[in-house]
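Undergrad: Sequence first, then the predicted structure, then my questions.
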Amino acid sequence: MGTRTPVGVEVAARPGTPPRPARVAAAETPRAAMASPVVVGATIIAALYFGREIFIPIAIALLLSFVLTPLVNRLRRLRLPRLVAVGLGVFLTLGIVAALATLIGIQAADLAGDVPRYRSTIERKVEGLRDSPVGHLTAYVANIGRALHVGGKEAGHEQAPQAAAPPAEPAPAPGQGPAAPKPVLVEIAASQPGSLEMLSTVLSPVMHPLATVGIIFVVLLFVLMQREDLRDRMIRLAGSSDLHRTTVAIDDAARRLSRYFVVQLALNAAFGVVIGIGLYVIGVPNPVLWAIFSALMRFVPYLGAVVSALLPMALAAAVDPGWNMMIAVAILFIVLEPLTGQVFEPIVYGQSTGLSPFAVLVSALFWTWLWGPVGLLLSTPLTVCLVVLGRHVEHLEFLDVLFGDRPALTPVQNFYQRILAGDAEEVLGHAELILQQCSLSSYYDDVVLKALELAARDAARGVLTARQKAAMRTALGELIADLSERSDAVTDAAGETADSACSPMPVGPAPDALSQAWTRQGAVLCVSGRGFLDEAAAAILAQILEKRGLGVRTVPFAEAASARIARFEPGPAQMACVVSLALDGEPTHLRRLIRRLKGRMPGVPILLGLWLTQDEGQGRATEQSTGADGRVVSLREAVEAVLAAAERKAEPQADDHAGTPSPSDHGAEAGEGTSRKPARADA
């Protein structure tokens, strides 16, 4: 009999051969890691489904606790004991529920008594519709369909033969007696039920709702009494390592949920009151019933408003012999529902419920499947609770990602995803959206260049194909060309708010304050490195400097290569900026490039722009090893350094100096100016 070997123990195939490790399936660990959350989720869903008789009252009680917490807190401020404050709040809620249930019962009984009269009115309206042009058209279409159906049957099938007549009963033979008598129908009368049986028959339909209401209020009482203890247990489950952060998060979540549910309940109640008053003025019977129904249906997303309008419209059509009452009811809902949803809700909620429209729809379907009509009413409040927990509890963050209304990706990630797909139209649309909140230079610095950094890191890891790199270059080129005519200013005042995706960039001196030497074409050379994104980064810097009034010229890496540096013409260059997204701590090709530029342009200061996040020590070492006169790590710092050099060059020309400074003086002065590293924007 063979023996089983533990996993991970080395096993020798036969004597004399080296041992080899036992095989372990590589997919078992990831598969097990992925199966564990699936099993837990399936178990939770199954428990919620099969235990809905228990979980529905608990969920309603928890939601009511958020509504009653502000009331209990106000009563506690009046120095009432907790038991008294909680008891008053719970019994007040119970009284309101009992009053509403009584009103609904009375109104429903009154409505049921008038159903025969309403049915006759509807029948007369249907008969009147048959004599109208619409009725004639409907009958004409129905006759055409009937004729086509009959013709099809005659063409494809023969008529069925007539059923044979049943055989006649044989007459009795001569000499036999008369036929047997027919059976007699006997009816058994049931005895009158007793008082207990009648009481059980009457109470059995309401026993289950009464039991559910009792469970709800018992759980609500204990939740309000043990609120602090339950909070401490939630803190322990969420994470007790950082008590301050966890406590603040849970208290904030409780306040937000309490405010949301109180506001929603108040707004829906006000909506029902206005609907009831409007229906009373119009003359619709039982307006109190439809007011309560409309207030409850507003908790149902999407379908609630439609259903709450259809039933009063149908009743108005049944009451009024004409159509004026139904039209008035329709106008009432058409005006009031959008006004409440689009005007009052954003004002009282602040912004929104925090749920995406897709999440609202999916949650409505899920909770309806799980708990039926009660789940449909509770779908939005329960999903709001889950999203708020996901925003504050690290282990539940996926709930906020799935159902929250906040963007799933940051602007940098969103931009990188679009250029990775190579869709220039989506890239431009993304830029137009963000440029409503920040300037062009800030957008380049805080979004585009950080996205290019992500692309450079992926390229260094070897995960980008040649086709993806070409698509990125094309999309970036089209974006820079499309934004060339845009002013470097915020187009919307909303950019000054704290929600802006970009930080402001210094404007710099006015173009009139610059000397003619710096406004001439080619005064600032933007030289790109050899990376596949360096040319786009150099073009961005050139575009921003040009909008500041400087004369710029972009120089691709190929024009300054070793084979072509002898034919390179610097022109009226006052400064050169070498731009690269290289990831190396000491890029060799940049050192050689700067050496070639210095040999071709003696005395012209060279600024090195390494637009990747590096520490200060590494930055100074790179600056010294490459021989650059200055180093910057962002577009903002590059613009500040170039503008500072241009201002310093303009000051001596404002004095009464004779002659032009020598190239050596020029280089020393510019080098001194650019070697002073400006403060980093993120310091």
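TA: Yes, it's here. The structure displayed is predicted, hence computed values, not measured ones. Numbering: from 1, shown residues only.

Undergrad: And the longest helix along the chain, what's buried?
TA: Of all segments of type helix in the chain, defined using DSSP state H, the longest is helix 243-282. The neighbour-count check on helix 243-282 (16 or more other Cβ atoms under 10 Å) flags 246-247, 249-250, 253-254, 256-258, 260-262, 264-265, 267-268, 271-272, 274-276, 278-279, 282 as buried. To be clear about C-beta, it is placed using only N, CA and C from the backbone, and glycine gets the same treatment.

Undergrad: what's stretch 209-226 in contact with?
TA: Stretch 209-226 has contacts (Cβ atoms under 8 Å, 6 or more residues apart in numbering) with 56-58, 60-62, 64-65, 68-69, 72, 82-83, 86-87, 89-90, 93-94, 97, 230.

Undergrad: Of those, grab the buried ones for PyMOL.
TA: A single PyMOL command suffices to select whichever of the contacts of stretch 209-226 are buried according to 16+ other Cβ under 10 Å:
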select buried, resi 56+57+60+61+62+64+65+68+69+72+86+87+89+90+93
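
Undergrad: Helices - which of the contacts of stretch 209-226 land there?
TA: 56-58, 60-62, 64-65, 68-69, 72, 82-83, 86-87, 89-90, 93-94, 97, 230.

Undergrad: I'd like the distance between Ala542 and Val218.
TA: For Ala542, the distance to Val218 equals 73 Å [Cβ to Cβ, to the nearest Å].

Undergrad: and if you look at Ala470?
TA: With Cβ to Cβ as the criterion, Ala470 and Val218 are 68 Å apart.

Undergrad: you'd agree Val388 is up against Ala253?
TA: Yes: if you go by Cβ atoms under 8 Å, Val388 and Ala253 touch, sitting 4.6 Å apart.

Undergrad: ok, now how distant is the residue lying closest to Leu409 once chain neighbours are set aside from Val427?
TA: With Cβ to Cβ, 6 or more residues apart in numbering as the measure, Gln417 is the residue that lies nearest to Leu409, at 6.7 Å, once sequence neighbours are left out. From Gln417 over to Val427 the distance is 10 Å, taken as Cβ to Cβ.

Undergrad: quick one, which of the two is more surrounded?
TA: Regarding Gln417 and Val427, a neighbour count based on other Cβ atoms under 10 Å identifies Val427 as having more, with 24 against 16.

Undergrad: so the more buried one makes contact with Ile480?
TA: No: the pair Val427 and Ile480 fails to qualify as a contact (Cβ under 8 Å) at a distance of 10.4 Å.

Undergrad: Mind listing the shared neighbours of the two?
TA: Contacts common to Val427 and Ile480, judged by Cβ under 8 Å, 6+ apart, are absent.

Undergrad: First-to-last residue distance for stretch 543-557?
TA: Using Cα to Cα, to the nearest Å, the gap from the first to the last residue of stretch 543-557 comes to 18 Å.

Undergrad: Quick one: mean pLDDT for it?
TA: Rounded to a whole number, the mean pLDDT of stretch 543-557 is 88.

Undergrad: which sections of the protein are below the confidence cut-off?
TA: Filtered on pLDDT under 70, the chain yields the residue ranges 1-35, 125-205, 238-242, 244-246, 249, 349-354, 489-513, 583-587, 612-626, 649-683.

Undergrad: can you give me the strands for it?
TA: The residue ranges that make up the strands of the chain, judged by DSSP state E, are 10-11, 20-21, 524-528, 552-555, 575-580, 606-610, 630-632.

Undergrad: Domain-wise, how is this structure divided?
TA: For the chain, automatic domain parsing gives the domain ranges 35-130+209-225, 242-403, 411-491, 511-675.

Undergrad: out of these, which comes closest to Ile235?
TA: domain 242-403 (5.0 Å; Cβ to Cβ).
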